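S.K.: Quick one: sequence and predicted model below, then my questions.
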Amino acid sequence: MLRAGVEQAVRVNDFAIKLANVNGTGSASANGLLMQAIFRMGIPVSGKNLFPSNIQGLPTWYEIRVSKDGYTARALDYDLMVAMNAQTYERDIREVRPGGYVLYDSTWPLDPRLHRQDVTFLGVPLAEMCNAHFRESRERILMKNIAYAGALIAVLEVDMDVVEQLLDEKFAKKKALRESNHKALRLGFDYARKHFDPLPFRLEKMDANSGKILIDGNTATALGCLYAGATVAAWYPITPSTSVMDAFTDLCRKYRKDPETGAMNCCIIQAEDELAAIGMVIGAAWNGARAFTSTSGPGISLMNELLGLAYYAEIPAVVMDIQRVGPSTGMPTRTQQGDLLECAYASHGDTKHICLYPANPSECFEFAVKSFDLAERFQTPVFLLSDLDIGMNDWVVPRLKWDDSYRPDRGRVLDAAQLERIQKFFRYWPEDENFVAARTLPGVSSKGAYFTRGSGHSRTGAYTEMPEEYQEVVDRLLRKHQAAAKWVPEPVIERRTGAQFGVVTLGGCDAAVREALDVLDSRGIPADFMRIRAFPFPESVEEFLNDHEFNFIVEQNRDAQMKSLLLLETGVAKDKLRSICVYGGFPLSAKRVTDRIASQLGELTERAVHR
Amino acid sequence: MPSIAKPTAIHPSLHRNELGLTIRDYEGSMSTLCAGCGHDSITAAIIRACWEISLAPHMLAKMSGIGCSSKTPTYFVSGAHGFNSAHGRMAAIATGASAANRELTYIGVSGDGDSLSIGLGHLCHAIRRNLKMLYIIENNGVYGLTKGQFSASADVGSKSKKGEPNRMAPIDPVALALSLGATFVARSFSGDKDQLVPILKAALSHRGFALVDVISPCVTFNDHAGSTKSYLYTRNNMLKATETDFVPPASEILATIGRNGAVSVTMHDGSVVRFKGVPPDYDPTDRKKVLDYLSEHHGKGEVVTGLLYIDESVPDMHELNNTPAQALTKIPFEKLCPGSAALDTLQEEFR
């Protein structure tokens, strides 16, 4: 072992490793295994999969951060790099922090130009060992990953019993594979034990994960749809939302097969495009079903026209937008919060939509259910804006809870008996305190029959081209949208004593921003925190902004879309809001936030001094 | 004014159907289309067909997109919910509606612009899914509401009102549907109600997607000399491939089938559609022969009409999906939500 000189104190449960792999070689299961094993050791952990838009051959990375203090945002300082991709050696080795380690396949010599004096190189002859022990070429490639996992288990002191248990569960029905995995694991493990000293950072069992689960946001979103009672789902495959519908399909197979008849109590339709997908959702919801689609930015672009129809004709629709990097095709496997404005104002003409911004899989579950309630209560499209980081990475979150007394809020729907009691039914009048008029469903009574139209209509539902009749309806729609502010999730606000300014964020930036605020606080710069969870904004959002001399709005897009939305939709003064936009496509890290806040604060102080 | 209510007085001598309803009960608002529009004749045929089969008005859902054709659901069965959606998207919206509630009868009314241009993709996929619905294309070869542009169904050489000929090959919805595996394909003429009404009734009994292409002349923009979608041209060149007789399930049918030259098809709901091939060897159950026949006569400039193809053996979207017999909207929430105990068990896997 080439060991860098400095002696370091041993850090327990506080480090980050990055694994650099080639896409399509089976590394994902080895990396997932490690992450899961650490989770089962009771240690706070997060895993970020930074994968390419590719099936095989391009570079892919996986990052594991272990933090006894529970910080789960992406770390930028890597203590250990598992460099398995010669194509990216140069970049990967550069990213290791001074005093860190690089584990690589020493079957082939490392180019001396890649050596760093301040980093320790751990060579494991992975290919050589696997070639000697496995016959099939595919197996040799796959098992190389399990072998480096074995080496990591040794040097990081992952609990081997936990790993073996995981393999037992995973390969319960595949004995041969179980055996191969076991063999490969031992190859790496034994080699590392024999050749390497313990590292200055390691794992130790904790009890931080009792009552917690490991789940990705898309699965949690699908679970929310299942529990909300959604029966119709229509979609067009698109990264990174596909796993929402995959999970929903699996869940329906498990929970929606009628035990008596064997029939499926759901209808999942793979549409011909996103235009059709949202059309199907609207058609189903018009008929009274809870219906949703899952998509990403390009799909939202295509759905715009019909979203306007649903808004204007007042038909519930739930859209799960798992955001990725735009514009255009953009970077399909990278994360961003780039659809905030597009969803808030989707479609031509005057439109405003309810948007929910979950920060993690727990909120994906909770808000997915809420989306249906809001969509039906307000008879309008509702967007759940998740993103690739939340949706496709595994997160450690508290166990999901379900209240068995929950019943869907179907909003104002008149049944046959109610229709009997009224003289005449008008679709858009009279309205309730939320400016919502009752609707009727087809198949109930001729007395409730009306003609749904996206063309100009009066409050009775009749076609109109008259200014006052048209305006009466669209003005009510605006008031209805504003009324929803009282029904959507309130922002999460955390105040610190002595705070001079506010830091505002949303969605998946949550963990990084909270960590950044702890760091700033430790440097003597306390700040108040607000995470916005929905649009239209509850009153508390504007209050928070006005309470502070200035606020940083941290978000993952170039154009400060949340800041723009706040300026458009609240009365807050423009000079109260400052932007911190990080939008390169990787999950946010605390360092990016602290650096940018510190530098902007520096500029502010300088400006104050020069004034 | 786009819709004018009709007086509701009903003459006591009017006939009543099995539901006790007169044909007036199946009417809608007054049409605001141009006087003489073919679409209004189709509306009348729809009204008659729905009345004759005793369709309960509230169990009908009228679907449409945008265009002259798509306005027509206002003009029939005012006791049914209607959905005048967005241009070209009717098939998609009907698919979702049907997914939620398969107990309703769906009648979609579309036009050649709506179905063969902007909504072509959705039409094709509704055919592939064999979505159970009656899908009518009111085909006039022209965009009326935007004042006379050629549509995708305009024949090569057909002239616009200004005299310009169309040069691009048309999309023939009948040939298209047959090539996509459609299970019920018919063509008729708005001016021939005797032919159209039994076709519509048969279509409403079909197991899956029933496409009825109806040549429906546009009196304002496409009824001149040189047009191949005019009343005169269609009358002169119409060739009946079949004559259809629809026999509802409850009726005595034995006496009417088995005659020489007739083909009987038992529909999924037990009703019987009886065809008489006008050319005696025309077989509406043989897709290849139908395609050959259509292609041969299309070459001669003839408009082949009748119930052209039928196949009752193909499962519809719900059968393929194994959805319950009742509407999904009727499944109680308790059956849809697995509850907290199941969630606890499931989460054991998330460790």
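M.R.: Everything's here; your move. Residues are numbered from 1 along each chain as shown, chains lettered A, B, ... in the order given.

S.K.: Chain neighbours aside, what residue packs nearest to residue B:339?
M.R.: residue A:404 (5.6 Å; Cβ to Cβ, 6 or more residues apart in numbering or on different chains). Just so you know, the C-beta spots here come from the backbone N, C-alpha and C atoms, and that holds for glycine as well.

S.K.: That neighbour - how many residues pack around it?
M.R.: 11 (other Cβ atoms under 10 Å in any protein chain shown).

S.K.: distance between stretch A:383-397 and the chain's centre?
M.R.: Remark: stretch A:383-397 is offset 2 Å from the chain centroid, using Cα atoms, centre = their mean, to the nearest Å.

S.K.: now do stretch A:408-418
M.R.: 34 Å.

S.K.: Chain B: helices as residue ranges?
M.R.: In chain B, the helices defined using DSSP state H lie at B:38-52, B:68-71, B:90-100, B:112-113, B:120-129, B:173-179, B:193-205, B:231-237, B:287-299, B:317-321, B:333-336, B:339-347.

S.K.: Tabulate these in TSV, adding columns for distance to residue A:42.
M.R.: Converted to TSV, these look like this (distance: least, Cβ to Cβ, whole Å):
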stretch	distance to residue A:42
helix B:38-52	67
helix B:68-71	62
helix B:90-100	45
helix B:112-113	64
helix B:120-129	49
helix B:173-179	62
helix B:193-205	64
helix B:231-237	79
helix B:287-299	65
helix B:317-321	44
helix B:333-336	35
helix B:339-347	17
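
S.K.: Model confidence for residue A:427, exactly?
M.R.: Predicted confidence (pLDDT) for residue A:427: 98.

S.K.: can you tell me how far it sits from residue A:442?
M.R.: 13 Å (Cβ to Cβ, to the nearest Å).

S.K.: Looking at the two, which has the bigger crowd around it?
M.R.: Ranked by neighbour count (other Cβ under 10 Å), residue A:427 and residue A:442 place residue A:442 first, with 28 against 22.

S.K.: thought the more buried one was touching residue B:98?
M.R.: No: judged on Cβ atoms under 8 Å, residue A:442 makes no contact with residue B:98 at a distance of 11.0 Å.

S.K.: can you list residues touching both of these two?
M.R.: residue B:104 (Cβ atoms under 8 Å, 6 or more residues apart in numbering or on different chains).

S.K.: Tell me where the model's unsure across the chain.
M.R.: Went with chain A since none was named. By pLDDT under 70, the weakly predicted segments of chain A are A:1-8, A:606-611.

S.K.: Wait, chain B was what I had in mind.
M.R.: In chain B (pLDDT under 70), the answer is B:1-3, B:7-8, B:249-262.

S.K.: Remind me which helix or strand the residue nearest to residue B:339 belongs to.
M.R.: Residue A:404 is part of no helix or strand when elements are defined by DSSP states H and E.

S.K.: mind listing the strands in the stretch 101-250 of chain B by residue range?
M.R.: B:105-111, B:133-139, B:142-143, B:149-150, B:184-189, B:209-215, B:238-240, B:242-247 (DSSP state E, counting those that start in this stretch).

S.K.: so what's residue 21 up against?
M.R.: Unless you meant another one, I'm taking chain A. Taking Cβ under 8 Å, 6+ apart, one finds A:27, A:31, A:59, A:60, A:61, A:62, A:84, A:85, A:145 in contact with residue A:21.

S.K.: other chain: chain B
M.R.: B:51, B:54, B:57.

S.K.: Touching, residue B:39 and residue B:70? I think so.
M.R.: No: Residue B:39 is beyond contact range of residue B:70, at 9.8 Å (criterion: Cβ under 8 Å).

S.K.: and residue A:419, how many neighbours does it have?
M.R.: Going by other Cβ under 10 Å, the residues that sit close to residue A:419 add up to 18.

S.K.: same thing with residue B:37?
M.R.: Other residues close to residue B:37 by other Cβ under 10 Å number 25.

S.K.: Just give the closest residue to it, not the sequence neighbours.
M.R.: Nearest non-adjacent residue to residue B:37 (Cβ to Cβ, 6+ apart): residue B:219, at 5.8 Å.

S.K.: just the contacts of residue B:21 that are near chain A?
M.R.: Filtering the contacts of residue B:21 for proximity to chain A by Cβ under 8 Å from any Cβ of the partner chain leaves residue B:57.

S.K.: Weed out the non-buried ones from the contacts of residue B:21.
M.R.: When these are checked for burial by 16 or more other Cβ atoms under 10 Å in any protein chain shown, the buried set is B:51, B:57.

S.K.: Can I get the contacts of residue B:21 in CSV including distance to residue A:195?
M.R.: Putting these into CSV (distance: Cβ to Cβ, whole Å) gives the following:
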residue, distance to residue A:195
B:51, 89
B:54, 86
B:57, 83
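
S.K.: residues from the stretch 451-600 of chain A in reach of chain B?
M.R.: Counting by Cβ under 8 Å from any Cβ, the residues of the stretch 451-600 of chain A near chain B are A:451, A:452, A:453, A:454, A:455, A:462, A:463.

S.K.: what are the phi and psi values for residue B:154?
M.R.: phi -70, psi 130 (degrees, to the nearest 10).

S.K.: For the stretch 1-150 of chain B, which residues are neighbours of chain A?
M.R.: Counting by Cβ under 8 Å from any Cβ, the stretch 1-150 of chain B sits next to chain A at B:2-3, B:57-59, B:61, B:73-74, B:78-86, B:89, B:91-101, B:103-104, B:121-122, B:124-125, B:129.

S.K.: Any chance of a PyMOL selection covering the buried ones in those?
M.R.: Applied in PyMOL, the following selects the buried portion of the residues of the stretch 1-150 of chain B next to chain A according to 16+ other Cβ under 10 Å:
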select buried, chain B and resi 3+57+58+59+61+73+74+78+79+80+81+82+83+84+85+86+89+91+92+93+94+95+96+97+98+99+100+101+104+121+122+124+125+129
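
S.K.: Once you drop chain neighbours, what's closest to residue A:490?
M.R.: residue A:538 (5.2 Å).

S.K.: same deal with residue B:277?
M.R.: residue B:242 (5.5 Å).

S.K.: any idea how far residue B:275 is from the one you found?
M.R.: From residue B:242 to residue B:275 the distance is 5 Å (Cβ to Cβ).

S.K.: Give me the common contacts of those two.
M.R.: With Cβ under 8 Å, 6+ apart, residue B:242 and residue B:275 have common neighbours B:282, B:284, B:306, B:307.

S.K.: what sits against residue A:53?
M.R.: Going by Cβ under 8 Å, 6+ apart, the list of residues near residue A:53 reads A:239, A:331, A:332, A:333.

S.K.: Now the buried members of those.
M.R.: So, of those, A:239, A:332, A:333 end up buried under the neighbour-count rule (16+ other Cβ under 10 Å).

S.K.: which one of those is nearest residue A:489?
M.R.: Among the buried ones among the contacts of residue A:53, residue A:239 lies closest to residue A:489 (Cβ to Cβ), at 27.2 Å.

S.K.: who touches that closest one in this structure?
M.R.: A:53, A:296, A:324, A:332, A:333, A:388.
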